[in-house]
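Colleague: show me the folded form of this:
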Amino acid sequence: FVRTSDDSVTIYATRKEGRGDTQRIRVRNSTFWPDVAHAMFVGLHGDSNLVSDIEFNDIDVLNLDEDDPEYQGAMAISAGDSNTVRNVAFRNIRVDHIEEGKLINVRVVYNSKYSFSPGQAVDGVVFQNITYAGRGWAGKSILGGYDIARRVSNVVFDNVRIDGRKLSGPQDSGLEIEPFVDGVTFK
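Modeller: Prediction:
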């Protein structure tokens, strides 16, 4: 059980004295309660690194509360600092309450407060067996690339349920798909 005043779990690459890629990380069997920011956050910090083969599995998120759209997302990937984020899975995640925020936020970004450059790409993200009870005030989830060369690609929504309804496409899901995104599938 982790209750934090910021992100519950963050996975970055190069940061301060820590240098290099980040790969093969597993976060399992946990309960998160972030008072502010993300429950699970991947990719913002680095130095042209690869962040890959990341799995979150069997996670309960009790509450999420973040009023700044830049930092919203119970499950979030923000590729920054020229990083590439590849092969991230969110499986068997249960979100009970979103006081304010988003369920999902996957983007290639340049965050002027924390990054030196935009990320390179997000490629290969799976959301499988995700349930959000629908309680609280959740804004639209978002997928967004940065430009034509810095894209979000190959995102799979497999049995994602919001307030009991299965996501079948962006038109009925509370999901916004911005430009520079391709290969989004719903199962």
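
Colleague: out of the helices and strands in this protein, which is least certain?
Modeller: Least confident helix or strand of the chain, by mean pLDDT, DSSP states H and E, is strand 165-166 with a mean of 89.

Colleague: centroid-nearest residue for this structure?
Modeller: Among the residues of the chain, residue 76 comes closest to the average C-alpha position under CA atoms, centre = their mean, at 1.7 Å.

Colleague: give the contact list for residue 96.
Modeller: By CB atoms under 8 Å, 6 or more residues apart in numbering, the residues touching residue 96 are 60, 61, 62, 63, 133, 135. Where you see a C-beta, it was placed from the backbone N, CA and C, and this is true even at glycine.

Colleague: how about the helix or strand harbouring it as CSV, C-alpha atoms only?
Modeller: Assigned by DSSP states H and E, residue 96 belongs to strand 84-102. Only the C-alpha atoms of strand 84-102 are listed here, as CSV (Å, rounded to 0.1, in the frame of the first residue of the first chain):
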residue,chain,number,x,y,z
THR,A,84,11.6,6.3,-26.5
VAL,A,85,9.1,4.4,-24.4
ARG,A,86,8.3,0.9,-25.8
ASN,A,87,6.3,-2.1,-24.7
VAL,A,88,4.4,-1.0,-21.6
ALA,A,89,1.5,-3.1,-20.2
PHE,A,90,-1.1,-2.1,-17.7
ARG,A,91,-3.0,-5.3,-16.7
ASN,A,92,-5.6,-6.0,-14.1
ILE,A,93,-5.9,-2.5,-12.9
ARG,A,94,-8.9,-1.4,-10.8
VAL,A,95,-9.5,2.4,-10.3
ASP,A,96,-12.1,3.2,-7.7
HIS,A,97,-12.4,7.0,-7.6
ILE,A,98,-11.0,9.9,-9.7
GLU,A,99,-11.7,13.1,-7.7
GLU,A,100,-10.2,15.1,-10.5
GLY,A,101,-8.0,13.8,-13.4
LYS,A,102,-7.8,11.3,-16.2
